[in-house]
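In: Any chance you can model this:
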Amino acid sequence: MTRSSSVLKRELFAGNEVTIRNADFMLRTAIYPGSFDPVTNGHIDIIERGFKLFDRIIVAILHNPAKKYLFSVDERMTLLRESLKKYPDIEIEAFDGLLVDYAVQKNAQAILRGMRAVSDFEYEFQMALMNRRLNRNVQTVFLMTGLRWIFTSSSIIKEAACFGGNINGMVPPAVNQKLKEKFGR
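Out: Sure, this is the predicted structure:
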């Protein structure tokens, strides 16, 4: 799916395609936050499906110096760019601080989150409620992960890769290669 920056939205009106240009409407913008350490095909699935709901998605890597990551922020940004190159207009940024403040700064109306299983629900629900308490104008939108990716997480991918497990098809090729390099495989 390619988005043109000059033509932002197409709608069907009385059987005819009507093009609406930048000045005619406000972009529906979502922030898709995460550590993306590393990005998985489950993340990409959420982004692709998110584009069906939003005109603009900003993939935002949380910079948290208190956490230990396998990949640096720069490496994660590079891997995301490589993995999402078929979406030339996607924005990939790093941020620190409160997510709702970042969303307001980026004129985003929503935070996009993926949920794999019931185990994700409690944490995500608490975060959504806190974000809503901090700013009622920023909504949280949950997408259920596709069944194909329900067991996939960055942590599980890293553990499998560390022990030489075959992670082909679970991560983009660039990520697979980088994991092999990191673990000397």
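In: Near residue 68, how many residues? Count them for me, please.
Out: Neighbourhood size, residue 68 [other CB atoms under 10 Å]: 7. Using the backbone N, CA and C atoms, a C-beta is placed for each residue, glycine as well.
In: Also residue 144?
Out: Neighbours around residue 144, by other CB under 10 Å: 13.
In: State the phi and psi torsions of it.
Out: Phi and psi for residue 144, reported as degrees, to the nearest 10, are phi -70, psi 130.
In: Just give the nearest non-adjacent residue to it, would you?
Out: residue 115 (5.8 Å; CB to CB, 6 or more residues apart in numbering).
In: Could you do residue 107 as well?
Out: In this structure, residue 107 finds its nearest non-sequential neighbour in residue 29, 5.9 Å apart by CB to CB, 6+ apart.
In: Am I right that the one you found is in contact with residue 53?
Out: No. Between residue 29 and residue 53 there is no contact under CB atoms under 8 Å: 10.9 Å.
In: more crowded one of those two?
Out: Taking neighbours as other CB under 10 Å, residue 29 and residue 53 compare with residue 29 leading, 18 against 13.
In: Got the phi and psi for the more buried one?
Out: Dihedral angles for residue 29 - degrees, to the nearest 10 - are phi -120, psi 140.
In: Pairing partners for it in the sheet, please.
Out: Residue 29 has these beta-bridge partners by DSSP bridges: residue 56.
In: nearest residue to residue 180 other than its sequence neighbours?
Out: Using CB to CB, 6+ apart, the nearest residue to residue 180 is residue 161, at 7.2 Å.
In: An error on my part: the question was meant for residue 121.
Out: Residue 121 sits nearest to residue 115 (CB to CB, 6+ apart), 6.3 Å away.
In: With residue 182 instead?
Out: With CB to CB, 6+ apart as the criterion, residue 182 has its nearest non-adjacent residue at 6.3 Å, and that residue is residue 70.
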